[in-house]
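Trainee: mind looking at a prediction? Sequence and model below.
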There are 2 protein chains.
Amino acid sequence: MPTKTSKNPNCSLLQAHRCLYKPVLPEILKKGPCFVKVKTGKATQSVADQATVKKMFPNTYGMPEVTFIKGSNPAVGKKTVKAAVVLSGGQAPGGHNVIAGLLDGLKKANPKNKLYGFLGGPSGILDAQWKEITPKLMENYRNTGGFDLIQSGRTKIESEEQLAKALDTLKKYKVNALIIVGGDDSNTNAGVLAEYFKQQGADICVIGVPKTIDGDLKNDKIETSFGFDTATKIYAEMVGNICRDVNSARKYWHFIRLMGRSASHITLEVAHETHPNVTLVGEEVLAKKMTLKQIIDYLAGIIAARAKQGKNFGVVLVPEGLIEFIPEMKALISALNDLLADHEAELAKMDSITEKKEFIISKLPAKLAALMKSLPAGIASQLMLDRDPHGNVQVSLIETEKLLVEMLRTRLAEMKKADKYNGKFSAIMHFFGYEGRCGVPSTFDANYTYALGYNAAALALNGCSGYLSSVRKLTRKPQQWECGGVPLTMMMNIERRKGKEKPVIRKALVELTGEPFKQFAKKRDLWAMSEAYLFPGPIQYFGPAEVTDMITYTLRFERGGKK
Amino acid sequence: MPTKTSKNPNCSLLQAHRCLYKPVLPEILKKGPCFVKVKTGKATQSVADQATVKKMFPNTYGMPEVTFIKGSNPAVGKKTVKAAVVLSGGQAPGGHNVIAGLLDGLKKANPKNKLYGFLGGPSGILDAQWKEITPKLMENYRNTGGFDLIQSGRTKIESEEQLAKALDTLKKYKVNALIIVGGDDSNTNAGVLAEYFKQQGADICVIGVPKTIDGDLKNDKIETSFGFDTATKIYAEMVGNICRDVNSARKYWHFIRLMGRSASHITLEVAHETHPNVTLVGEEVLAKKMTLKQIIDYLAGIIAARAKQGKNFGVVLVPEGLIEFIPEMKALISALNDLLADHEAELAKMDSITEKKEFIISKLPAKLAALMKSLPAGIASQLMLDRDPHGNVQVSLIETEKLLVEMLRTRLAEMKKADKYNGKFSAIMHFFGYEGRCGVPSTFDANYTYALGYNAAALALNGCSGYLSSVRKLTRKPQQWECGGVPLTMMMNIERRKGKEKPVIRKALVELTGEPFKQFAKKRDLWAMSEAYLFPGPIQYFGPAEVTDMITYTLRFERGGKK
């Protein structure tokens, strides 16, 4: 057992202990890749736009789903394989364990197999920057958070030139299998690479691994992306602590924005774990075509109702992407993007923000002009001034929680004048995001990612190029998890990106007919008016299994019935 | 053992398990208050201003320190006592366990003893708002975070009228002992009440319990205040996660402001737990009389040096109270407070912020005017506009991390022009505070607070009025902790508060000659240029003792040598 004098003084005690944890492998993978065989299912179709996707992926479209079953498969141990792994996009807890599973799976099949890690994301492939992942190097990274072993990056390998360059690197270093760990975009890219390599007659197997704390990369066969479990538990720890603080101090409303721009899964999961008074769900706002004013009225209504009971306190959860789910705000941002581009020269001549604002308002359609006028000054300037290098509004910089609070202050003051509110409104704001992306993976994520990596090794050794590593039946114990692969093309549809039709993996948004939302909708009125807060506390790695092995509400609600 | 169907569905699984935890009592207290006797030490003196403090506390000044030793003391079990507890000031993890220890200690001495809890802080005494704390009620609050059992408040009982009212309430409900759980101010108040009750001939024992996550209520006999251990571990979990994220993404500088306005203990402790690249310590800034410009230069120097190595990323810790430690900023704030009061009418007539700013700058002494001019516009307006009800600058609202980042942007741009910096500077900012105040207490804090409460019961039963509950030798195992009391007057000195000389408990600031700072000073240059980050991870309650029972670096450095 590690002790305070353990050999690495630059390692926390918890990390020293976690490095010794042996993830639980699904029974089917336990004997290694030489003892599983591929069972193929029916041919598959893309989720939409079948003809177009098929045309774009002539070599990898329609492949069958794959499940691993017991069986002797000595062939996979006879060849010597060089695999390479790349981490793509934002960090998610468990990335290192994907690599550990991959390494152990490869070595189990044939100790001569090697694993390389491309450095700094996909650009590492283009620039041929890599290091070998040896068992020795892996030691200190097992069951740890972060992507620091090989880092990550956001480069996309898209152009013909990039594709050719990637192929060059892989050929030069005799890499037979490329494992891409990423979200929807990165896995779309994995599908593109798999298709390209087949077209070029290169025998390089490409496997994807579903990563994203946002939880928006999932479907029937990918029950959850890794990292969602840990990140939501970390946010829930903090939100639960704040709920307890709120209920102790009883004088503040806390507005907490949670990471997750494209989907509200994180916010919804944290709501189930902590029972805050109000939770905004972007997908509901969109479905109901809610205006900003309606959202403010909804919030003000609950704040006033609680004030009537003498409760001038509460907790509000806001998904990071809320603004883009509000149809009129999306329209305004889009109109601003056009306006600012069209009138760049005129606007540049104006000195004051007021002048610019008036000019812009005069050019907007009446409804959007009224909306722009209703926004707090700070947010309005931010919309006009903070542009990304393409000249677009930087939506990710907008502090939605501040927007809501400022507008609530105005609304509540109006209500006070009209004798419809007689409370005090003091607000404290938070944004939780970065602190969840690199946390120590929960036991679930440690097991799941290790299995995803080990399973990816088995897929690669069986030449299943163009597949996403799929470990499923996740509400069962890890020993009983099923393993296999899902064709990447099956998850694709066609979307317009920057004016072009692109095949992309469709993001899984919160479904209003799904159990996670329905269960929330049933309880939210109760949570609004009471203090039904739950305090989940920090993630535990030792102790009672029901505490250490808890899975998310989302998974339980979505898969609980489907044993 | 609790299960998913445990009787309380509104309780997290971790909480259900933690409620069953039995804190480890110091050996000396194990048989209960009837088996310990009071051993008195030498008469004490206040830390300064002895004559004045003595004059103000004629009945409670100079009392001896008290230590509990083994011995039969049946008398304390024969009387029936009504004790009342009040939580005062900001939340700190472990408050509920103080109450649990108090309850158990009282009941162990005599099952007929009762414990009341005053509601909402000291105002609960004035308004006679209370509830009885029964063992049944206590059940679900054992080892939990928060103060929600009886809430807290910030009312001070100071005026003659308030003192009399408090005495009235206590007499009316026949309370024999009042236990005040609070920080330096609240415990000063406890000392005042103890003195007042003696003056009035009322036989009501007042005991203080040292609470504050800030860690600034300590001395030779109070080795740490409760809550500091848990709060710093929660912040360290988050900061460690961000360090890992920084080292994975390698493109952002994260600026993290940590709670703790009067002292930088929290920031220093978190630095030891995570090894960030830069840590600002308020007390050092003050001692070296650093200017804002010098701080910016120091930060810019490290940012530029790292950029030279291709490292455009890092983590900076900033104590919440930094601004008030910068002598020139303190002078500016004080000058602004006066100016704005003196010229209220004139300023009210001015429309634009620019006009106000120019007016104010014209009235400031040259040095402060230059400083005011150098501040980013947002911060300058905040200093002029955000006033508390007394018309003073609201220092606690100043987002110091934003001030630093904005000034760094300017400074780094200048350095770039002068060819002294060639990196990229993208900053992300955080404030961690509220999420640490109500966390589930660490095993240390759970044991320590339970012991503090149990010990307070023993002090109360022995009539030790005017004492602070003291549990010491905290680097040993809890069984070996020593228990007793420290006279509250011993910790006092005279300070000017709102123009009046007041006796107050002296805050313990970070000492530059103390081990925690010296150890940090030794390592900070290494931490600045490398990525020596530690990732402590979440607090563990089960598993290896070296992980669950870890104490703070602060305690280890300060007390490690003093077995």
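Mentor: That came through fine.

Trainee: list phi and psi for the closest residue to A:Asp245 other than its chain neighbours.
Mentor: The spatially closest residue to A:Asp245, leaving aside those adjacent along the chain, is B:Cys438, at 4.1 Å (C-beta to C-beta, 6 or more residues apart in numbering or on different chains). Where C-beta positions appear, they are placed from N, C-alpha and C, glycine not excepted. Main-chain torsions, B:Cys438, degrees, to the nearest 10: phi -120, psi 20.

Trainee: how about the residues of the stretch 51-200 of chain A by chain B?
Mentor: Contacts of the stretch 51-200 of chain A with chain B, taken as C-beta under 8 Å from any C-beta of the partner chain, map to A:Gly90, A:Gln91, A:Gly120, A:Thr144, A:Gly145, A:Gly146, A:Phe147, A:Asp148, A:Gln151, A:Ser152.

Trainee: tell me, how many residues neighbour the first one?
Mentor: Other residues within reach of A:Gly90 by the criterion other C-beta atoms under 10 Å in any protein chain shown amount to 23.

Trainee: can you give me every residue that contacts it?
Mentor: Contacts for A:Gly90 (C-beta atoms under 8 Å, 6 or more residues apart in numbering or on different chains) come out as A:Ser152, A:Gly183, A:Thr212, A:Ile213, A:Arg437, B:Ala249.

Trainee: quick revisit: which of the residues of the stretch 51-200 of chain A next to chain B fall within helices?
Mentor: Taking DSSP state H, every one of those sits outside helices.

Trainee: can I get the residues you listed in TSV including pLDDT?
Mentor: Compiled in TSV, those are given as follows (pLDDT from 0 to 100):
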residue	pLDDT
A:Gly90	95
A:Gln91	97
A:Gly120	96
A:Thr144	97
A:Gly145	97
A:Gly146	97
A:Phe147	97
A:Asp148	96
A:Gln151	96
A:Ser152	95
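
Trainee: out of those, who's the most crowded?
Mentor: A:Gly145 (33 neighbours).

Trainee: I'd say that residue and A:Gln15 touch.
Mentor: No - using C-beta atoms under 8 Å, A:Gly145 is not in contact with A:Gln15; the gap is 9.2 Å.

Trainee: can you pull the residues that touch both of those two?
Mentor: A:Val440, B:Phe535.

Trainee: need the pLDDT of the spatially most central residue of chain A.
Mentor: Chain A has A:Asp214 as the residue nearest its centroid, 2.4 Å off, counting by C-alpha atoms, centre = their mean. With respect to pLDDT, A:Asp214 scores 96.

Trainee: please apply the same query to the one 10 residues further on.
Mentor: In the predicted model, A:Thr224 carries a pLDDT score of 97.

Trainee: part of a helix, is it?
Mentor: No - per DSSP: H, G, I helix; E, B strand; the rest coil, A:Thr224 lies outside any helix segment and is coil.

Trainee: how many neighbours does the spatially closest residue to the residue nearest to the centre of chain A that is not a sequence neighbour have?
Mentor: Once flanking residues are discounted, A:Asp214 sits nearest to A:Gly260: 4.8 Å by C-beta to C-beta, 6+ apart. The number of residues packed near A:Gly260 is 29, by other C-beta under 10 Å.

Trainee: next, the buried residues of stretch A:191-206.
Mentor: Within stretch A:191-206, the residues that count as buried by 16 or more other C-beta atoms under 10 Å in any protein chain shown are A:Gly191, A:Val192, A:Leu193, A:Ala194, A:Glu195, A:Tyr196, A:Phe197, A:Lys198, A:Ile204, A:Cys205, A:Val206.

Trainee: let me see the contact set for the residue nearest to A:Asp245.
Mentor: For B:Cys438, counting by C-beta under 8 Å, 6+ apart, the contacting residues are A:Asn241, A:Ile242, A:Arg244, A:Asp245, A:Ser248, B:Gln91, B:Pro93, B:Gly145, B:Gly146, B:Phe147.

Trainee: go again with 10 Å.
Mentor: By C-beta atoms under 10 Å, 6 or more residues apart in numbering or on different chains, B:Cys438 lies in contact with A:240-249, A:535, B:90-93, B:95, B:144-148, B:213, B:227, B:230-231, B:234.

Trainee: what's the answer for A:Met384, then?
Mentor: Counted by C-beta under 10 Å, 6+ apart, A:Met384 has contacts A:Leu336, A:Leu339, A:Leu340, A:Leu347, A:Ile353, A:Lys356, A:Lys357, A:Phe359, A:Ile360, A:Met372, A:Val393.

Trainee: give me the pLDDT for the residue nearest to A:Asp245.
Mentor: 96.

Trainee: where does the stretch 351-500 of chain A get nearest to chain B, which residue?
Mentor: When scored by C-beta to the nearest C-beta, the stretch 351-500 of chain A has A:Cys438 as its residue closest to chain B, at 3.8 Å.

Trainee: doesn't A:Glu283 make contact with the residue nearest to A:Asp214?
Mentor: No - between A:Gly260 and A:Glu283 there is no contact under C-beta atoms under 10 Å: 11.2 Å.

Trainee: overlap in contacts of these two?
Mentor: Taking C-beta under 10 Å, 6+ apart as the criterion, A:Gly260 and A:Glu283 both touch A:Leu268, A:Pro319, A:Gly321, A:Val510.

Trainee: lowest-confidence one in those residues?
Mentor: Of all the shared contacts of A:Gly260 and A:Glu283, A:Gly321 carries the smallest pLDDT score, 94.

Trainee: that one: what's its closest spatial neighbour, skipping adjacent residues?
Mentor: The shortest distance from A:Gly321 to any non-neighbouring residue, by C-beta to C-beta, 6+ apart, is to A:Arg261 (3.9 Å).

Trainee: ok, now A:Gly94?
Mentor: Using C-beta to C-beta, 6+ apart, the closest residue to A:Gly94 is A:Thr449 (3.4 Å).

Trainee: count the residues that sit near the one you found.
Mentor: Neighbours of A:Thr449 (other C-beta under 10 Å): 33.

Trainee: show me where the stretch 1-150 of chain A has its helices.
Mentor: With helices called from DSSP state H, counting those that start in this stretch, the stretch 1-150 of chain A shows them at A:13-18, A:50-56, A:75-78, A:95-109, A:123-126, A:135-138.
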